[in-house]
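S.K.: Sharing a sequence plus its predicted fold:
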Amino acid sequence: MNYKKLLSAGTVLGVACAALMTGEAFACSPDYSGVTLNVGSQTGPFIASALQAAAKTWSEKTCGQVKVIEFPFGELYPKYVTALQAGEKSFDIMTFPPAWTPDLAPFLDEMPAAMRQTDAWKDIHPNYRERLMVWDGKTMTQSIDGDLHNLSYRIDLFEDPKEKEAFKKKYGYELAVPTTWKQYYDIAEFFTRPDKNLYGTVEPFRRGGQQFWFFFTHVASYANSPNDPGAMFFNPDTMDAEVNNPGWVKALEDYIRSSKYSPAGALNYGYGDVNTAFAGGQAAMALGWGDTGVIAGDKKQSKIAGHVGSAMTPASDQIYNAKTKQWDKFDKPVPTPFMAFGGWQAGINANGDHKDAAWNYIEWVSNPENSGKAVVTGGSGVNPYRYSHMQDIKPWETIFTEREAKEYLASQLDSLNAKNVAYDMRLPGYFSYTEILEIELGKALNGDETAQQALDSVAQQWNKLTDDLGRDKQLAAYRNSMGLPAK
Amino acid sequence: MSVAAKSGSAGRDRVVQQDGGGKLRWFVLAFCLVWLFFTLFPIYWTFITSFKPPAAVSGGPTYLPFLDFSPTLQAYVDALSGIRGDFLKPFINSTLIGLSATFLSVLVGSMAAYGLVRFDFQVRLASGLIFVVIVFALFFGLPKLGLTRIQGIGIALIVGLAVSLLANRLRLPGPVLGNRDVLFWFVSQRMLPPIVTAFSLYLLYSEAGRAGLVMLDTYWGMTLAYTAFSIPIVVWLMRDFFAALPVEIEEAALIDDVPRLRIFFQIVVPMVMPGLIATSMITLAFVWNEFLFALLLTTSEWQTLPILIAGQNSYRGDEWWSISVAAVVSIAPMIVMAYFLARMMRAGLTIGGIR
Amino acid sequence: MSRNTSETMPAARSGSRKATPRDPIKYVFLWPAFLVVLAVGLFPLVFSFSMSFQSLRLIPPLPPRFVGFDNYWTILQTERFWHVIGTTTLIAVISVMIEYVIGFAITLALHSRVPGERLFRISFLLPMLLAPIAVALVGRMMFHSSVGPLNDLFTHLGLPNLPFLTSSNWAVGAIITIEVWQWTPFVILMLLAGLQSLPVDVYESAALENASRWRQFWDLTFPMMLPISAAVVFIRLIESLKIMDTVFVLTGGGPGIATETLTLFAYQEGFKKFNIGYTSALSFLFLVVVTVFGVVYLSLLRPQLEKRS
């Protein structure tokens, strides 16, 4: 297959040369013939199919080749680290979640300044452009995907007059899309009817099932105070873990409450099961990434296609302030969407042989036109991260109804623009921290420990881990990831 | 009664007599049927799930095709189109590497097992210790002189072996280890959890690549690794089959001055055919399904099926139908192989029974 | 065992077994295997052994420091380590016991010319031929609370929503069930091959003496099958102690660490945290445990094995 491509590339080159000789500018531009780029990715179709679709058109444009090498998501990290650490050049480009950027940054190439001066650059939403793509003051990666958590809900259930009446009778206010966690739990309780195989909500709780991101979504609403920025996970001055403060404890109590209103067996649900359950009609609401909405809206996979509403995640009007050790009260609930996962990033191997070509390819993958196509392709797994993705609803109507599309895009854009948006922590040794958290969460969910006990244990282990890894280094990295200036 | 039964098909009636006992036969049949159901139901389930449209999966369990759901080939089309990862290349890779590694390890391993049964090996513990000491000394010492790790281990291996072999001839004090211990040494290679072994092998191959001998993501690299780690199983399992053989036949041949190797290949091997085939099947299953080495030691060219299957376990949506397709694709060749080997096993019994 | 054979065959003594001119050929038999295993296995062993005495974290990249026995002490004092060993041993021992009993029963059944024997023979082998990761995924599908058939079945029987995977004890049971499902074929395969190589004469004489079926089994079959049984059980135990994929896919090691096995623990430490020194020490501790266990197992069995004629 490679021979065929080489042959066609060679033919194009031949024609180009002939054309050049006649003075016409018809060539591989820029010319990367003979270059083969190896891109590491998780197994398709999510993200990998977007990379491959762009690879095809890029090859036609530049006469270079792209090989997308796929691995199971769980094994991607060890694969990258072992290869980079051994000095192997197996990957020219690596795609990974921003949480891995601190660990991989020493091996990555900085983005060329030219790429940051285009119009397309300004189209990228600042949350990605200025925060997630940046590490240690330098732009080290390019977003090729967007990620945040939002709420999906069943339009048919919420707008059913009988349900609305019964709800009003029981709770005293109109059934509507929840804006606070209290409303969220009232609605969840209302819709939990095990004998009818319907439950209020569905969230993942299984260790290794990405559950901690959902927990962080709850935490953000109670611990990310606008009056004390960057203190959600750690104290920004001492790097002491904040995970056992009253805000976190309230969030964990909420999270445990969610498990009671989720389908039976949800304690073993990973995020994939959440999508299956919601698309299968088992829950009235679900928290999740954009994929939840897209999968539930897909007529081929879902029983509830056409009835999928989207909104920002619920919020709270009281947020704990770690500095004053008081609960800050606000007039209205403060939307605090959590940029869970942060969206796949592409990084270039600093040791690679074809860095120019690599950056060119990545620019092509993420340019407004190609990424715009990817976000509306169901199997691509690419969620919006550019303004242009979220402004035109016409392409979205291929997968959603008009109302579904409007709500979906609004929830994405509003979440990104929310003043109190919360970012994921990004630290070296990220996995070590989250493993500790997952184990203690499991114990709390199982009732083996109270919320406070579990989080006290996490705090103790996190502090020890921070010391093992070097407190000063971790503090600098944490301030970096929270957008705070270095001390 | 039993004498007459002996003339029946290969050895079946050797052990249990077929006299009356109807109730027992029914019980045995019922037991087998229950176990059959238990064994096959998950495989049946996987098979039909690979044909289910997604709605038939997320809505709850459905059991009968055409009745509960309408089967579709979509999952197979998606798989073969490559958007869920390349299916064809890993398939070919698994086949090539699997067959080669199995063949080599069964060949070399059976010879070793036979050797351990028929001959006496004597290893002085002292010379073993000398080997260990030399290897460690050279492994740590040589890099300080500027040699790479791989050169260090290579030299350490050769020098260590040479010196300890010579030392073995001397009358050193201390216990003498025999066949049993050599056997235990072989099996102990499988007792380490594969994590660090895989990682260190990756480093070794990576350094070999820099020294000029590319082993990562190659056919020979993978086959060698799998052969080395399958030999212990082969030796361990084949040993009892060889030991159960009566020695007279070989001794008759020895008196006739037939060389040992010929005795092995032409007389002994046919007699242990059932065991040999069983061991081959097991070794092939192990290599075909091994995950960790395959993950680390390959990149783009020689990925094998288990990595592909693991890759179907997507973290954003559990597509059970695609996972089922991957599982079906992976088990289908094994079923074919099992069928053929089972037939060979019956035929081999007949040969083995002739005395 | 080979020594026994030669002792009962005095005529052969004068023959070939220990004749010096023949001896060199024994090296041809043993050395290829020995060399291949040694050459490939030596570096990993030496490397991991030396790493176990150092603190080496690849992420974040820190230079290795020599720490002596620190890694070992830390592990031995970690409660998680002991818990994990307990869980792993429990799963391994129970699974192998069940596999052996059922496997032997099936083997006898297959050997007794039960109708449909050919179909049984091939079908019973199938689970072993699936990749462990595939078995784990299939297992997850089967035990799934909403899309899985098991929950459906039990709900119909009046026991809805059993906590197969969410309660610690049930989860261990689920893992054992999957292990038994997948590996009983291994036992069947090996025992069947062994059964078919048994000599016929002893059964003939037993039949002439009108010995009952049970007597035949207990006095003849079982003792003669003891060597192969011991070998099969041993290998199954060693492999079962390394169980990982099933646990990883089904429960991730949860709830908490209730179902975490040793290889999974090592995997998280080694490949997710890249705590290489710690993982090496862990691997060697595991090796020590298994070796001790193996030595005890084999020495307990040896008198039994030598007893048979």
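M.R.: Received it, and whenever you're ready, just let me know what you need.
S.K.: which parts of stretch B:116-127 are buried?
M.R.: Buried residues in stretch B:116-127, counted by 16 or more other Cβ atoms under 10 Å in any protein chain shown: B:L116, B:V117, B:R118, B:F119, B:F121, B:V123, B:R124, B:A126, B:S127. Every residue, glycine included, has its C-beta placed from N, CA and C.
S.K.: nearest to chain C, of those?
M.R.: Proximity of the buried residues of stretch B:116-127 to chain C (Cβ to the nearest Cβ) peaks at B:F119, which lies at 3.8 Å.
S.K.: That closest one and B:A112, how far apart?
M.R.: 11 Å (Cβ to Cβ, to the nearest Å).
S.K.: Next: A:N367.
M.R.: From A:N367 to B:A112 the distance is 60 Å (Cβ to Cβ).
S.K.: Compare neighbour counts for the two and give me the winner.
M.R.: B:A112 (27 against 15; other Cβ atoms under 10 Å in any protein chain shown).
S.K.: which stretches of the chain have low pLDDT?
M.R.: As the question left the chain open, I've gone with chain A. A:1-26 (pLDDT under 70).
S.K.: Correction: the question concerned chain C.
M.R.: Short version for chain C, where the test is pLDDT under 70: C:1-23, C:59-61, C:210-211, C:305-309.
S.K.: For chain A, what is the nearest residue in it?
M.R.: C:S145 (2.4 Å).
S.K.: Could you report the separation of that residue from A:A113?
M.R.: From C:S145 over to A:A113 (counting by Cβ to Cβ), the distance is 53 Å.
S.K.: what's the closest non-adjacent residue to B:L157?
M.R.: Nearest residue to B:L157 in three dimensions, chain neighbours excluded: C:L42, at 5.8 Å (Cβ to Cβ, 6 or more residues apart in numbering or on different chains).
S.K.: Next, find the distance separating that neighbour from C:F34.
M.R.: For C:L42 relative to C:F34 (Cβ to Cβ), the value is 12 Å.
S.K.: Can you list the residue ranges for helices in the stretch 151-300 of chain A?
M.R.: Remark: helices assigned in the stretch 151-300 of chain A by DSSP state H, counting those that start in this stretch are A:155-158, A:161-171, A:181-191, A:211-223, A:246-261, A:271-279, A:290-297.
S.K.: Let me know which of these is the nearest to A:K138.
M.R.: helix A:211-223 (26.0 Å; Cβ to Cβ).
S.K.: For C:H144, which residues are in contact?
M.R.: A:G265, A:D273, C:N151 (Cβ atoms under 8 Å, 6 or more residues apart in numbering or on different chains).
S.K.: What count of nearby residues applies to the residue of the stretch 151-300 of chain A found nearest chain C?
M.R.: Using Cβ to the nearest Cβ, A:G265 is the residue of the stretch 151-300 of chain A that sits closest to chain C, at 2.4 Å. Neighbours of A:G265 under the rule other Cβ under 10 Å: 23.
S.K.: Quick check, it in contact with C:T155.
M.R.: No: counting by Cβ atoms under 8 Å, no contact exists between A:G265 and C:T155, whose distance comes to 11.5 Å.
S.K.: Could you name every residue contacting both of these two?
M.R.: Common neighbours of A:G265 and C:T155 (Cβ under 8 Å, 6+ apart) are C:N161.
S.K.: ok so, going back, now render the contacts of C:H144 as JSON lines, adding distance to chain B.
M.R.: Formatted as JSON lines, the contacts of C:H144 follow (distance: Cβ to the nearest Cβ, whole Å):
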{"residue": "A:G265", "distance to chain B": "12"}
{"residue": "A:D273", "distance to chain B": "6"}
{"residue": "C:N151", "distance to chain B": "8"}
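S.K.: For A:P333, see how far away A:N370 is.
M.R.: 38 Å.
S.K.: Look up the closest residue to whatever residue of chain B ends up closest to chain A, ignoring the ones flanking it.
M.R.: Closest contact between chain B and chain A, by Cβ to the nearest Cβ, is at B:G311 (2.9 Å). Nearest non-adjacent residue to B:G311, counting by Cβ to Cβ, 6+ apart: A:T43, 2.9 Å away.
S.K.: any bit of the lengthiest helix in chain B sitting next to chain C?
M.R.: Longest helix in chain B by number of residues, with DSSP state H as the criterion: helix B:320-353. Yes: Helix B:320-353 is in contact with chain C by Cβ under 8 Å from any Cβ of the partner chain, via B:320, B:323-324, B:326-327, B:330-331, B:334-335, B:337-339, B:342, B:345, B:349, B:352.
S.K.: Turn the buried ones among those residues into a named PyMOL selection, would you?
M.R.: Of the residues of helix B:320-353 next to chain C, the buried ones go into a single PyMOL selection, burial set by 16+ other Cβ under 10 Å:
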select buried, chain B and resi 320+323+324+326+327+330+331+334+335+337+338+342+345+349+352
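S.K.: ok, of the residues of helix B:320-353 next to chain C, which one's closest to A:V219?
M.R.: B:W320 (31.5 Å).
S.K.: In this structure that closest one contacts C:V147, no?
M.R.: Yes: using Cβ under 8 Å, B:W320 makes contact with C:V147 at a distance of 6.7 Å.
S.K.: Now list whatever residues contact both of those two.
M.R.: Counting by Cβ under 8 Å, 6+ apart, the residues touching both B:W320 and C:V147 are B:V57, C:M141.
S.K.: tally of neighbours for the residue of the stretch 1-150 of chain B found nearest chain C?
M.R.: Residue nearest to chain C within the stretch 1-150 of chain B: B:G115 (3.1 Å; Cβ to the nearest Cβ). By other Cβ under 10 Å, the residues close to B:G115 number 27.
S.K.: now swap in A:K329 and tell me
M.R.: A:K329, neighbours per other Cβ under 10 Å, totals 8.
S.K.: List the backbone torsions phi and psi for C:L162.
M.R.: In terms of degrees, to the nearest 10, the main-chain angles of C:L162 are phi -70, psi 140.
S.K.: got the residues of chain C near chain A?
M.R.: Counting by Cβ under 8 Å from any Cβ, the residues of chain C near chain A are C:57-61, C:144-147, C:151, C:160-161, C:163-168, C:248, C:250-258, C:268, C:271-274.
S.K.: residues touching the residue most central in space within chain A, list them.
M.R.: Most central in chain A under Cα atoms, centre = their mean is A:D147, positioned 2.9 Å from the mean C-alpha point. Under the criterion of Cβ under 8 Å, 6+ apart, the neighbours of A:D147 are A:W289, A:G290, A:M339, A:A340, A:F341, A:G342, A:G343, A:W344, A:N383.
S.K.: 7 Å - rerun?
M.R.: Listed by Cβ atoms under 7 Å, 6 or more residues apart in numbering or on different chains, the contact set of A:D147 reads A:W289, A:M339, A:A340, A:F341, A:G342, A:G343, A:N383.
S.K.: rewinding a little: got the contacts of C:H144 as JSON lines, with distance to C:L110 columns?
M.R.: JSON lines is the format used below for these (distance: Cβ to Cβ, whole Å):
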{"residue": "A:G265", "distance to C:L110": "37"}
{"residue": "A:D273", "distance to C:L110": "39"}
{"residue": "C:N151", "distance to C:L110": "32"}
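S.K.: can you tell me which residues contact A:N360?
M.R.: Neighbours of A:N360 in contact, by Cβ under 7 Å, 6+ apart: A:P30, A:T62.
S.K.: Repeat the analysis, applying 8 Å as the threshold.
M.R.: Contacts of A:N360 (Cβ under 8 Å, 6+ apart): A:P30, A:Y32, A:W58, A:T62.
S.K.: so the second one makes contact with A:G64?
M.R.: Yes: using Cβ under 8 Å, A:Y32 is in contact with A:G64, at 3.3 Å.
S.K.: Name the residues contacting each of those two.
M.R.: Applying Cβ under 8 Å, 6+ apart, one finds that A:Y32 and A:G64 are jointly contacted by A:A357.
S.K.: Please report how far C:E269 lies from chain B.
M.R.: Distance from C:E269 to chain B, counting by Cβ to the nearest Cβ, to the nearest Å: 8 Å.
S.K.: Now do whichever strand or helix holds B:L116: which elements does it pack against?
M.R.: Element membership for B:L116, per DSSP states H and E: helix B:88-118. With contacts defined as 3 or more Cβ pairs under 8 Å, 6 or more residues apart in numbering or on different chains; DSSP states H and E, helix B:88-118 has these neighbours: helix B:179-188, helix B:219-243, helix B:273-289, helix B:305-311, helix B:320-353, helix C:24-51.
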